[in-house]
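In: Please find the sequence and the predicted model below.
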Amino acid sequence: MASFIGRREFIVTLSGTAAWPLAARAQQVGVPVVGLLHASSPDNVSHLVAAFHKGLSETGFVEGRNVAIEFRWAHDDPKRYPELAADLVRRRVAVMVTPVGTATALAAKAATTTIPIVFSMGTDAVKAGLIESYNRPGGNVTGVTAMVTELGAKRLGLLLELRPHAKSVGVLVNPNNPVATETTIKDVMPAGSAMGLNIEIISASHPREIDEAFAMMVQKRLDGFIISPDPLYLTRRTQLVTLSARYTLPTIFPLRDFAVAGGLMSYGPDDVDRYRLVGVYAGRILKGEKPADMPVQRPTSFQLVINLQTARSLGIAIPSTLLVRADEVIE
């Protein structure tokens, strides 16, 4: 499976429409096509795409056998979301999937009111205007809420357990993702005030600005840093992990992938299972279920992951109270 995914992603990366002739032929013989609109690029997400395939297979759909998949990668350029969503509509896909980010889901909804859409996002889908309610979404949209932006206060508390004498903490947000940014700030600021912490909101919407953000944090002598969930930051996790190590800045990340890549600590829902659930919902719609009647799925478990190897390299002693609560400790 891994080699197959790699070849397909390579073809799609070369051309956003390279896979279309195959998908068109599949449609002609009655095989449904799923359109997947992703905010970033196929780099480093093969395990998540595999999870999406697994979800589809759980409902009886296997790519190349009885379903085709059209991938559209925005490569971290939000301006491309509308055109990519519109292109999938023109392709007459049976289901459109946006597995990461609020903006991609909004672009998909703006492009069609008839094609079913399955989203996955970390912000409030009702406040974002995507659905009427979590139990009965209404319209043509349903999906999976990751609740990652609503965990800022929890991450702040974990960081304070790690650095009990901290006075100031920075929070990195992407201003190009206003819904997620607003949710994060509303969650973190009151919690920081209650904990007696000074919260510094720092913005970065481009890889270059991420470098500048870390330099700014060092100048401000911040005691810790929280990376908010954002599609850009997920694709730049190596850069973020490297910078936090370079500046020896205790940082908590939103997803396990960051800790696996060398980040000190992460807290958030199971990202792999989230993609699997998106695949399951896409498959159920292909079988005839209506998005309007499919409740939005919520995560049932959250993972605290600690990278002890990184802690040792940074000279940070992880309190035993954190270690015993960790769902995974990377030695």
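Out: Received the coordinates, thanks. Numbering: from 1, shown residues only.
In: Which stretches in the stretch 201-331 of the chain count as strands?
Out: If DSSP state E, counting those that start in this stretch is used as the criterion, the strands of the stretch 201-331 of the chain fall at 224-227, 251-253, 265-269, 302-307, 328-330.
In: okay, those strands, which one's buried deepest?
Out: Per-residue neighbour counts averaged over each of these give the maximum for strand 251-253, namely a mean of 28 (mean count of other C-beta atoms under 10 Å). Yep, even glycine has a C-beta here, placed from its N, CA and C like the rest.
In: quick one: strands adjacent to it?
Out: Each strand that pairs with strand 251-253, with its direction, by DSSP bridges: strand 224-227 (parallel), strand 265-269 (parallel).
In: For that strand, the averaged confidence score.
Out: Strand 251-253 shows an average pLDDT of 96 in the prediction.
In: from the chain's centre, how far out does that strand sit?
Out: Remark: strand 251-253 is offset 15 Å from the chain centroid, using C-alpha atoms, centre = their mean, to the nearest Å.
In: what does that strand rub up against?
Out: Residues from elsewhere that reach strand 251-253 (C-beta atoms under 8 Å, 6 or more residues apart in numbering): 155, 158-159, 162, 224-227, 237, 240-241, 244, 259, 263-268.
In: could you redo the last one with a cut-off of 6 Å?
Out: Residues from elsewhere that reach strand 251-253 (C-beta atoms under 6 Å, 6 or more residues apart in numbering): Arg155, Leu158, Leu159, Phe225, Ile226, Ile227, Ser244, Gly263, Leu264, Met265, Ser266.
In: beta partners of the fourth one?
Out: Listed by DSSP bridges, the beta-bridge partners for Phe225 are Gly170, Thr251.
In: isn't it right next to Val171, touching?
Out: No: using C-beta atoms under 6 Å, Phe225 is not in contact with Val171, being 7.6 Å away.
In: can I see the domain layout of the protein?
Out: When the chain is parsed with automatic domain parsing, its domains come out as 2-147+270-293, 149-269+302-330.
In: Any idea which of these has the lowest pLDDT on average?
Out: Lowest mean pLDDT within the domains of the chain: domain 2-147+270-293, a mean of 85.
In: how about the strands of the stretch 201-331 of the chain in a markdown table, adding distance to Leu48?
Out: Formatted as a markdown table, the strands of the stretch 201-331 of the chain follow (distance: least, C-beta to C-beta, whole Å):
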| stretch | distance to Leu48 |
| --- | --- |
| strand 224-227 | 18 |
| strand 251-253 | 16 |
| strand 265-269 | 13 |
| strand 302-307 | 15 |
| strand 328-330 | 18 |
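In: Tell me which of those lies nearest to Ala128.
Out: For Ala128, the closest of the strands of the stretch 201-331 of the chain is strand 265-269, at 17.8 Å, according to C-beta to C-beta.
In: Quick one: work out the angle between that closest one and strand 302-307.
Out: Interaxial angle, strand 265-269 versus strand 302-307 (axes from the mean of the first three to the mean of the last three C-alpha atoms, to 10 degrees): 160 degrees.
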